[in-house]
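# Build the 3D model from these lines:
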Amino acid sequence: MSNLFEHSKVTAYFLWEYTGHDSALALWYCAEDMALFFEHMGYYWENPVNEILQKGRGSIEYIEFIRHIAFYIFSYTQNSDDIKNWFAAERLISNGEVLSALCSIASLYNTNKEQFSKLGVRSEQVRRHYQ
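Take a look at the predicted model:
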């Protein structure tokens, strides 16, 4: 289960780097909740996300996907600058290390549904989803 910790830490770190938000716990929750979105979408490896990114900024799939990520950033940082959140979302998702971490967390969520409480997830929203 330490993989969950490591992947969440990587994602939270880059969230901090790209947003400058000062609450490590909020960024940790954000990382876990973004991974829940990935799990809902079935993004357990990077290829489906890379296919969306390759469609380009003008595609509806790209816009909808980045909008979700930007919304998570807004929700946890409370930064109302939508442009800043959008660019942070694009940077985050185009970072291969983060993308790999989020997909790995989503896969952990999916494969541990029966023993979810043992994963050590901190986000109450994610825990409630699997109860």
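# Could you use CA atoms for every contact and neighbour count after this?
Noted.
# How much space separates Val126 from Ala70?
Distance, Val126 to Ala70, by CA to CA, to the nearest Å: 18 Å.
# which stretches of the chain have low pLDDT?
Scanning the chain for pLDDT under 70 picks out 1.
# Where do the helices of it begin and end?
2-19, 24-41, 46-54, 60-77, 82-94, 96-111, 124-129 (DSSP state H).
# Next, the buried residues of stretch 17-37.
By 16 or more other CA atoms under 10 Å, the buried positions in stretch 17-37 come out as 18-19, 21, 26-37.
# got a list of what the residue nearest the centre of the chain touches?
The centre of the chain sits closest to Met34, judged by CA atoms, centre = their mean, with a distance of 2.9 Å. Taking CA atoms under 8 Å, 6 or more residues apart in numbering as the criterion, Met34 is in contact with Ile69, Tyr72, Leu102.
# rerun that using 7 Å as the cut-off
Going by CA atoms under 7 Å, 6 or more residues apart in numbering, Met34 touches Ile69, Tyr72.
# returning to what we had before: redo the helices of the chain as JSON lines? Include distance to Lys118.
Output for these, formatted as JSON lines (distance: least, CA to CA, whole Å):
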{"stretch": "helix 2-19", "distance to Lys118": "11"}
{"stretch": "helix 24-41", "distance to Lys118": "15"}
{"stretch": "helix 46-54", "distance to Lys118": "25"}
{"stretch": "helix 60-77", "distance to Lys118": "25"}
{"stretch": "helix 82-94", "distance to Lys118": "28"}
{"stretch": "helix 96-111", "distance to Lys118": "11"}
{"stretch": "helix 124-129", "distance to Lys118": "11"}
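# so which of the ones you listed comes closest to Ser117?
helix 124-129 (7.5 Å; CA to CA).
# for the buried residues of stretch 17-37, which one is nearest Asn112?
Leu36 (12.8 Å).
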